[in-house]
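S.K.: Using only what follows, build the 3D model:
(2 chains, ligands or ions: 2)
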Amino acid sequence: MAQLNTAAPGVDAGLARQLLSQMMLIRRFEEKAAESYALGKIGGFLHLYIGEEAVAVGASSVLRPDDYAISAYREHGHCLAKGSDPRRVMAELFGRRDGLCHGKGGSMHLFDKTTNFLGGHAIVGAHLPLAAGVAFAIKYRGGDQVIVCYFGDGAVAQGEFHESMNLAALWKLPVVYICENNRYAMGTSIERALAQTEIWRFGHAYGIPGEAVDGMDVLAVREAVGRAVDRTRREQEPTLLEARTYRFRGHSMRDPAGAIYRTKEEVEHEKQRDPILLFRTRCLQEGWLTEADVKAVEKDVNDLIDEAVAFADASPEPPLEWLLTDIYKEG
Amino acid sequence: MAVMTYREALNVALREEMQRDPRVFILGEEVGLYDGAYKVTQGLLKEFGPKRVVDTPICESGFTGIGIGAAMVGLRPVVEMMTFNFSILALDQIINSAAKMYYMSGGQFNIPIVIRGPGGPAHQLAAQHSQSMESYFYHVPGLKVVRPTTPADAKGLLKSAIRDDNPVVFIEAETLYPVKGEVPDDPDFTIPLGQAIVRREGRDVTVVAYVGMMYRAMEVAAELDTEGLSVEVVDPRTLRPMDTETIIGSVRKTHRAVVVEAGAGFAGMGSEIAAFITEQAFDDLDAPVERVTGANAPMPYARNLERAKTPSNERIAEAIRKVCSANGR
Ligand SMILES: Cc1ncc(C[n+]2csc(CCOP(=O)(O)OP(=O)(O)O)c2C)c(N)n1
Ligand SMILES: [Mg+2]
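M.R.: Numbering: from 1, shown residues only, chains lettered A, B, ... in the order given. Ligands and ions are numbered 1, 2, ... in the order given. Here you go, the predicted model:
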């Protein structure tokens, strides 16, 4: 069984519980989403974050509430970790009135103004310039927030990745780019897509500092993103982090096994490094949490997600008139 | 009232809106130090400094995305496309990000951005630099699309576009930059988006035309006046949302309509205008709506071919005579 032994200064029972419970919440949320998809309650594309939870949770744990986050379409975890109400996120997946976006966005377009979560963008690469623009606005106003921008390894081949790196570095914009390198863009492995598979190294050419971090180790992510956020906030300059992670499920529910383009052995091997199992073991070893604590966290999380599903189920469909609202802002 | 060029009117609009609202800034290629590829932003860097007049490298998708991101959190960017031909590189950002964000987010994030620059046929710039781009945008719910014809419209509509809370695609006419006209001095002068204007009143036929084609329609109308044909010219000014009421009102009066557009005709602006006239005023029509459009070809370079690509006064006149002779006027 794989183990974690990153240094963990400043970790106490409270923080350990918070990190574990958020990762478990996202995992449970995704499992229930998959179940609801199978029941036909969720439609369209559904991309699960299972296996990658440590990235969103570790990163969000060092953000201030007034910092921003933006992501692609595999964003349930990022949105929840930034603080959105799981009930409203689930209702959005169900396409219901009480969803974050009143059912108009769906799984790929979660937005939450109250947590500064800026979406949910489903055109690969397109939200990287948006993140730079938010950072531009922060700087324009003289604020000291940062924006964290999550994107997949697939986006690195897009021109907009390179345009954004160049502009963010050129104009010294306070954005932390976090590439969630799960080694596949749908069925295309990074070896088949990228001339440089150590993605953080792309920062070199643009003078953007960066590093790779074990994306299965929530404390390592927390530490690396913490440093990046501090630096970006202080220096008003971008950072590029590469979180090495793995998705345990297929690309979406239409690729349930994700088995054609990768071997079973590979998947099984990676599952040994399940970020939740790893951290849970660590918590017990370090004495941050007891078995009973973990059980309690698990129960709380399960209850919360059951409640989220019940809430989504109970929420009505959006009224038909809403088809034609929110197209133009009046006045 | 001052007499100024279309270009100067745009410049004044930008300056006044930047003075009025510190959230307004300009972003684009050569807008600052170079004073604008077409000099629309002339002097603004000097007056407002590099924080608010931002020169970008050549990356339309990247800097348009930056504008949209900044607009998401409350700034009011004016993004210049050096020419609208290059907006194709930013089409994804404009359509998939700017136009849809308000809707996708269930009303949480509106995008107050203006994307402006010259477009339409120019002089011998050939296929990639001389084309009517509005059709790429007016199809998209969530966008507003403006094509200003006169200097006064250029000023009044640009000011409204900047104050609007939605993404506005503002396509100026490259060939009209030097055209002069009277422009109100009042810094509070604006022209609401979505309001057409009757440029010339007439009894016999309604001609709908904007930017360069509007001027041609006016020339033709004056000519036909001497033949005893009374032509009303309506300029929509904003293509989306379109003031269908003014156009329909005019058609109900004249019972005949001709739509002129510089762009290729297939599924063009004329198709849409002809369709809603037919839907809403069929019983008032004495003849089918006639379209005069650019040829269904890319823009050629050669002077004679270029002339043949865009509707001429002769073709406009011919269409007007045709609808007026149908079913006995
Ligand atoms: C511009 C664009 N091209 C293609 C797609 C289809 N598509 C959706 S997800 C995806 C793979 C992206 O992979 P990656 O960025 O690594 O993210 P991951 O799914 O691994 O989280 C592709 C090709 C798209 N959404 N946008
Ligand atoms: Mg990937």
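
S.K.: drop to CA atoms for contacts and neighbour counts, all remaining ones
M.R.: Fine.

S.K.: what about the strands in the chain?
M.R.: Since no chain was named, I'll use chain A. Using DSSP state E, the strands of chain A run over A:68-71, A:117-120, A:147-152, A:175-181, A:184-185, A:188-189, A:210-214, A:239-244.

S.K.: wait, I meant chain B there
M.R.: Using DSSP E, strands in chain B cover B:2-5, B:24-28, B:53-55, B:76-80, B:114-119, B:144-146, B:168-173, B:180-183, B:197-200, B:205-208, B:231-235, B:238-240, B:257-264, B:290-294.

S.K.: Out of the strands of chain A, which gets nearest to A:Glu30?
M.R.: Nearest of the strands of chain A to A:Glu30, taken as Cα to Cα: strand A:117-120 at 15.9 Å.

S.K.: Would you tell me which residues of chain A are close to ligand 2?
M.R.: A:Gly152, A:Asp153, A:Asn182, A:Tyr184, A:Ala185 (Cα under 5 Å from the ion).

S.K.: Apart from its chain neighbours, what residue comes closest to the last one?
M.R.: The shortest distance from A:Ala185 to any non-neighbouring residue, by Cα to Cα, 6 or more residues apart in numbering or on different chains, is to A:Gly154 (4.9 Å).

S.K.: swap in the fourth one?
M.R.: Closest residue to A:Tyr184 in three dimensions, ignoring its sequence neighbours and counting by Cα to Cα, 6+ apart: A:Ile190, at 6.0 Å.

S.K.: Name all residues that make contact with the one you found.
M.R.: With contact taken as Cα atoms under 8 Å, 6 or more residues apart in numbering or on different chains, A:Ile190 is in contact with A:Asp153, A:Gly154, A:Arg183, A:Tyr184, A:Thr197.

S.K.: hang on, the fourth one packs against A:Glu191?
M.R.: No: because the distance of 9.0 Å does not satisfy Cα atoms under 8 Å, A:Tyr184 is recorded as not touching A:Glu191.

S.K.: Compare those two and say which is more crowded by neighbours.
M.R.: When neighbours are counted by other Cα atoms under 10 Å in any protein chain shown, A:Tyr184 and A:Glu191 differ, and A:Tyr184 comes out ahead with 20 against 11.

S.K.: how close does that one get to B:Phe84?
M.R.: 36 Å (Cα to Cα, to the nearest Å).

S.K.: Check what pLDDT residue 42 gets.
M.R.: Going with chain A. If you check A:Ile42, the pLDDT there is 97.

S.K.: my question was about chain B
M.R.: Note on B:Gln42: pLDDT of 98.

S.K.: try B:Arg329
M.R.: pLDDT, B:Arg329: 60.

S.K.: now do A:Gly14
M.R.: What the model reports as pLDDT for A:Gly14 is 97.

S.K.: Can you give me the neighbour number for the closest residue to A:Ile199 other than its chain neighbours?
M.R.: In space, and not counting its chain neighbours, A:Ile199 is closest to A:Glu242: 6.3 Å by Cα to Cα, 6+ apart. Neighbours of A:Glu242 under the rule other Cα under 10 Å: 27.

S.K.: The closest residue to chain A within chain B - how many residues pack around it?
M.R.: Residue nearest to chain A within chain B (Cα to the nearest Cα): B:Ile66, separated by 3.6 Å. Other residues lying near B:Ile66 total 30 when counted by other Cα under 10 Å.

S.K.: ok, it - contacts?
M.R.: B:Ile66 neighbours (Cα under 8 Å, 6+ apart): A:Pro129, A:Leu130, A:Ala131, A:Ala132, A:Gly133, A:Val134, A:Phe136.

S.K.: From B:Thr56, how far out is the third one?
M.R.: In other words, A:Ala131. As judged by Cα to Cα, A:Ala131 and B:Thr56 stand 16 Å apart.

S.K.: Equivalent analysis for the fourth one, please.
M.R.: Taking Cα to Cα as the measure, A:Ala132 and B:Thr56 are separated by 13 Å.

S.K.: Which elements pack onto the top helix by length along chain A?
M.R.: Looking across chain A with DSSP state H, the single longest helix is helix A:13-38. Identification of packing neighbours for helix A:13-38 by 3 or more Cα pairs under 8 Å, 6 or more residues apart in numbering or on different chains; DSSP states H and E yields helix A:53-60, helix A:76-81, helix A:86-93, helix A:275-286, helix A:291-314.

S.K.: Report the buried residues of the longest one.
M.R.: With burial defined by 16 or more other Cα atoms under 10 Å in any protein chain shown, the residues of helix A:291-314 counted as buried are A:294, A:297-298, A:301-302, A:304-306, A:308-309, A:311-313.

S.K.: Next: stretch B:242-251.
M.R.: Of all the residues in stretch B:242-251, those buried under the rule 16+ other Cα under 10 Å are B:Met242, B:Asp243, B:Thr244, B:Thr246, B:Ile247, B:Ile248, B:Ser250, B:Val251.

S.K.: repeat for stretch A:66-78
M.R.: Buried residues in stretch A:66-78, counting neighbours by 16+ other Cα under 10 Å, are found at A:Asp67, A:Tyr68, A:Ala69, A:Ile70, A:Ser71, A:Ala72, A:Tyr73, A:Arg74, A:Glu75, A:His76, A:Gly77, A:His78.

S.K.: Return only those of those residues found close to ligand 1.
M.R.: Counting by Cα under 6 Å from any ligand atom, the subset of the buried residues of stretch A:66-78 that neighbours ligand 1 consists of A:Arg74.

S.K.: Residue ranges in chain B under the pLDDT threshold?
M.R.: Counting by pLDDT under 70, chain B shows low-confidence ranges at B:328-329.

S.K.: Grab the most central residue of it for me.
M.R.: Geometric centre of chain B, nearest residue: B:Arg147, 1.1 Å, by Cα atoms, centre = their mean.
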